[in-house]
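*Asks:* predicted model, plus sequence, below.
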Amino acid sequence: MFVAPPVSQSTTFQFELSKNSGQIIATVNIIIVPLGTNTSANTTFIDRTLAGRCTTYDPSTRLCGSGSYTAMNEVFSGTFPGWYPAFTPGRRYIFRGGTYPYILNAGSCRPVVTPIVYITDAVGTSSAPIQFKAYQDPNTGAYETVVLDGTVAYQNGCEMTPFFIRKSSYVIIEGFTVTKAVNAGQAFYLGGAGFGTGGINGLVDPVHHVTVRHSTANYNGGPNTWRGAFYIQGPSHEVLFDHVEAHHGGTGAEYGVPHSLTNTLLPYNIWTQYLYSHHNVNGGGNGGGILLMGARNSIVSHAVLSYCSDGGGGTQGPFADDNVFEHITTFGHDQTLSPSGVDGNERGIQMGNVNNNLALNPPYPSGGRDGVFHHIIAYDNMGNGVNDAQGSHNGQYLHMSVFNNTRHGATRSVPGVWSGLGFESEGGTGTYPGVTIPATLTNTLSFHNIVGGIPADGAIRSYTIQDTNLLSLDPAFSTGTPAPGAASTLTSDTALYTDAPRRTPNPNFGAVAGLVLRVGSPAIDRGTFVAGFHCDRADDAPVPYPANDPNCVHWRGAAPDIGAYEYGGSQVSSPPAGSPPAAPTGLQVR
């Protein structure tokens, strides 16, 4: 999978598969086509200020009777008029700013899970997708604010999913805010059947090649509901979530069915990038940042996960195989944030968990196989920083920084549970017969974690294959490091979100700033080169790779640095006297 870059004209990308000798085995050409502009021939406006449908509409005045566009005033009503005109490849439906509420039926609730926006059988093509998006100012590119609001349903005890799309492909959804989803918390529900029948069967009618971007879900789900705001249950695939935010719900994003034994009914090829998931506490002991519940062949890239009641998330098996988590910052997860005070595991990241009843009985399914997890920062969590959990098989963990975890474990309602290791692996213990290869931990920096209320150095559990890790109380940072067990003072910046024309759901969307390696730090140039992962020559080599080459992880100096940051070789090997190395850019975004 790859995410196509924006292009102004039709552009051909050629991918090559070659041997180490340089012999090219195969090439594939992929043509990237720009979406083009809105025209009266391809665009319908949706505008709540209108009295009904318009055959002529002027977007500059928002009035019927002038202009050359079509328009409609709402998406759902008692008679459900449908989309106007009907779906065809390349059609786009542009929502004007305003609030689109749940509508009662003569003062009563409608059938449960009735959506505000309901899309079914929208089938576009790769070069002509169907679009549903907020209106953008043609001069500034700024979105108008479009809110799908379930407050009326919430106040009347109705149950509904605000944005529901099924049996659709090659669709783009862009620029929506969804609030007060009164079902189990699903704000954007992808795939499934059962509109208006009393429930959704999420295992049928999947979607594929659907993009949801620049959208926000907040304050969704009632007390002790923990389903994901961005939610896929069944076998949808080729789905992209791009620049999305979820907060004050149960779980931010969730893909799959917990501990399912039916692989063919689970999602695959789901790509999530630039996710900000925080303060998800409604689920009590189950509120998290992002969970891949058996989803496979999927990527979570460039995410900030914070202040959830059950940890930053991760994967749960069986079948959570061949996944990648990269460039993740996860911190502050704490069960005391939950209104119900229910204990969760509060780990920064947990990969591969599988229900004990499955793990201990034939056929011994693994929690997750062959995952790659790199450039992760986990700190100030009540539980472990990073967990390679029950039944995980052959997990590869590289370039992580884990510190100040279990900093207030003694104050828990259940003290000592989920005690604080920087990194813990349950593989290789013999407890889970489905595991034959334990995790490998490489180039990881771990410090100031606490075990059993006692400050420890790295606190890395030994059931791993370890290579060039640094367990130290003094990693030598240019900014003061917190004392063992103390809350850190690290802040967030906006380094992950610098594309001005794009919607910025929250000004704090960003990565951890601080912890710049000090000159002479034992973490500089002390890592090991990982074949097939790092670029095979350094950025300061005589013939370096292009700076933004995405095909390998870049590094500088004699060897990669230990930990989640790579600050460079020459600039810290012989800097001006007394000067620190240059500050990083977020999580070394490449």
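*Replies:* Yes, it's here.
*Asks:* contacts and neighbour counts: CA atoms only from here.
*Replies:* Noted.
*Asks:* if I look at the residue nearest to residue 51 when sequence neighbours are not counted, how far off is residue 94?
*Replies:* Counting by C-alpha to C-alpha, 6 or more residues apart in numbering, residue 73 is the residue found nearest to residue 51 once chain neighbours are left out, at 6.4 Å. Residue 73 is 11 Å from residue 94, where distance means C-alpha to C-alpha, to the nearest Å.
*Asks:* identify the contacts common to the two.
*Replies:* Between them, residue 73 and residue 94 have residue 46 as joint contacts when contacts are counted by C-alpha atoms under 8 Å, 6 or more residues apart in numbering.
*Asks:* show me the residues around the residue nearest to residue 51 that make contact.
*Replies:* 46, 47, 48, 49, 50, 51, 52, 53.
*Asks:* try 6 Å
*Replies:* 46, 47, 48, 50, 52 (C-alpha atoms under 6 Å, 6 or more residues apart in numbering).
*Asks:* show me where the stretch 451-590 of the chain has strands.
*Replies:* Secondary structure of the stretch 451-590 of the chain by DSSP state E, counting those that start in this stretch: the strands cover 454-456, 464-467, 470-471, 491-492, 512-513.
*Asks:* lowest-confidence stretch among those strands?
*Replies:* Mean pLDDT is lowest for strand 454-456 out of these, coming in at a mean of 59.
*Asks:* below-threshold pLDDT in the stretch 201-350 of the chain: ranges please.
*Replies:* 341-343 (pLDDT under 70).
*Asks:* on that earlier part again, narrow the contacts of residue 73 to those in strands?
*Replies:* In strands, defined here by DSSP state E, the members of the contacts of residue 73 are residue 46.
*Asks:* which stretches in the stretch 101-250 of the chain count as helices?
*Replies:* Assigned by DSSP state H, counting those that start in this stretch, the stretch 101-250 of the chain shows helices spanning 151-155.
*Asks:* oh, I was asking about the chain
*Replies:* Assigned by DSSP state H, the chain shows helices spanning 151-155, 356-359, 570-573.
*Asks:* any idea which of these scores lowest on pLDDT?
*Replies:* helix 570-573 - the lowest mean pLDDT of the helices of the chain, at a mean of 40.
*Asks:* residue 297 contacts residue 323, correct?
*Replies:* Yes. At 5.0 Å, residue 297 counts as touching residue 323 under the criterion of C-alpha atoms under 6 Å.
*Asks:* when the two are compared, which one has more neighbours?
*Replies:* Comparing residue 297 with residue 323 by other C-alpha atoms under 10 Å, the one with more neighbours is residue 323, at 26 against 19.
*Asks:* who's in contact with the more buried one?
*Replies:* 296, 297, 298, 299, 371.
*Asks:* next one: residue 525
*Replies:* Counting by C-alpha under 6 Å, 6+ apart, residue 525 has contacts 558, 559, 560, 561.
*Asks:* against residue 530, how distant is residue 186?
*Replies:* For residue 186 relative to residue 530 (C-alpha to C-alpha), the value is 40 Å.
*Asks:* who's more crowded, the two?
*Replies:* More crowded of residue 186 and residue 530, by other C-alpha under 10 Å: residue 186, with 34 against 14.
*Asks:* roughly how far does the spatially closest residue to that one that is not a sequence neighbour sit from residue 182?
*Replies:* In space, and not counting its chain neighbours, residue 186 is closest to residue 229: 4.4 Å by C-alpha to C-alpha, 6+ apart. Using C-alpha to C-alpha, one gets 11 Å for the distance from residue 229 to residue 182.
*Asks:* of those two, which one has the most company?
*Replies:* residue 229 (35 against 27).
*Asks:* from what I see, the more buried one and residue 254 are in contact.
*Replies:* No. Under the criterion of C-alpha under 6 Å, residue 229 makes no contact with residue 254, lying 7.4 Å away.
*Asks:* so what touches stretch 4-12?
*Replies:* 30, 31, 32, 33, 34.
*Asks:* are any of the residues you listed buried, and which?
*Replies:* Neighbour-count burial (16 or more other C-alpha atoms under 10 Å) applied to those gives 32, 33.
*Asks:* surely residue 29 touches residue 16?
*Replies:* No. With contact defined as C-alpha under 6 Å, residue 29 does not count as touching residue 16 (9.0 Å).
*Asks:* which neighbours do these two have in common?
*Replies:* In contact with both residue 29 and residue 16: no residue, using C-alpha under 6 Å, 6+ apart.
*Asks:* about what we covered before: the contacts of stretch 4-12 in strands, which ones?
*Replies:* 30, 31, 32.
*Asks:* what's the closest of those residues to residue 365?
*Replies:* residue 30 (37.2 Å; C-alpha to C-alpha).
*Asks:* in PyMOL, select just the buried ones from the contacts of residue 73.
*Replies:* Written as a PyMOL command, the selection of buried residues from those, which uses 16+ other C-alpha under 10 Å, is:
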select buried, resi 46+47+48+50
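*Asks:* what's the local residue count around residue 29?
*Replies:* Neighbours of residue 29 using other C-alpha under 10 Å come to 10.
*Asks:* how about it, nearest residue that isn't a chain neighbour?
*Replies:* Per C-alpha to C-alpha, 6+ apart, closest to residue 29 is residue 14, 4.5 Å.
*Asks:* look up how far residue 550 lies from that neighbour.
*Replies:* 14 Å.
*Asks:* okay, buried residues for stretch 552-559 please.
*Replies:* 553, 554, 555, 556, 557, 558, 559.
*Asks:* partner residues bridging the closest residue to residue 465 other than its chain neighbours?
*Replies:* Take residue 465 and drop its neighbours on the chain: the residue closest to it by C-alpha to C-alpha, 6+ apart is residue 440, 4.6 Å away. The bridge-partner assignment for residue 440, based on DSSP bridges, gives residue 396, residue 465.
*Asks:* and residue 440, what's its pLDDT?
*Replies:* In this model, residue 440 carries a pLDDT of 89.
*Asks:* ok, it - contacts?
*Replies:* Per C-alpha under 6 Å, 6+ apart, neighbours of residue 440: 396, 464, 465, 466.
*Asks:* pretty sure the last one contacts residue 441?
*Replies:* It stands for residue 466. Yes. Using C-alpha under 6 Å, residue 466 is in contact with residue 441, at 4.9 Å.
*Asks:* what sits in contact with each of the two?
*Replies:* Contacts common to residue 466 and residue 441, judged by C-alpha under 6 Å, 6+ apart, are absent.
*Asks:* against residue 151, how distant is the closest residue to residue 356 other than its chain neighbours?
*Replies:* Nearest residue to residue 356, sequence neighbours excluded (C-alpha to C-alpha, 6+ apart): residue 390, at 7.8 Å. From residue 390 across to residue 151, the span is 40 Å (C-alpha to C-alpha).
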